[in-house]
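Visitor: task: produce atomic coordinates for the following.
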Amino acid sequence: MILIINQNGDRLCNDSRWRTFAMFGSVKGCVKQYKSLSHAQLRAEHIDGIVVRVPDGISVEAGGTVIEAIPCVDKPGYVNFKHRKLIEFQI
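Guide: Okay, here's the model as predicted:
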């Protein structure tokens, strides 16, 4: 998943506005997801944004918190969750 954020951690939405809390989808108020890294970098240059690539298997909440599920070594089937910031995945 490729997104554009600003220095405050707000995400760029489909209607070209910065939002702190936004869902994912195709509606104008939802977070804009890019398929192409080069297109995201060009857009980020024009609006002074930061390109972020979140790896597969890691989810992003509507509030911008990144959740990584880490399997427990000593208890098979259990998972530990690690919360991270979007800025950590900056390209």
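Visitor: what's the neighbour count on the residue lying closest to residue 43 once chain neighbours are set aside?
Guide: Once flanking residues are discounted, residue 43 sits nearest to residue 4: 6.3 Å by C-beta to C-beta, 6 or more residues apart in numbering. Any C-beta I mention is one placed from the backbone N, CA and C, and that applies to glycine too. Burial measure for residue 4: 23 neighbouring residues, criterion other C-beta atoms under 10 Å.
Visitor: residue 4 - that's part of a strand, no?
Guide: Yes - assigned with DSSP: H, G, I helix; E, B strand; the rest coil, residue 4 falls within a strand.
Visitor: how near is the nearest residue to residue 11 once chain neighbours are set aside to residue 1?
Guide: Distances taken as C-beta to C-beta, 6+ apart place residue 31 nearest to residue 11, at 4.9 Å, with adjacent residues excluded. To residue 1, residue 31 is 9 Å away according to C-beta to C-beta, to the nearest Å.
Visitor: likewise for residue 59?
Guide: 9 Å.
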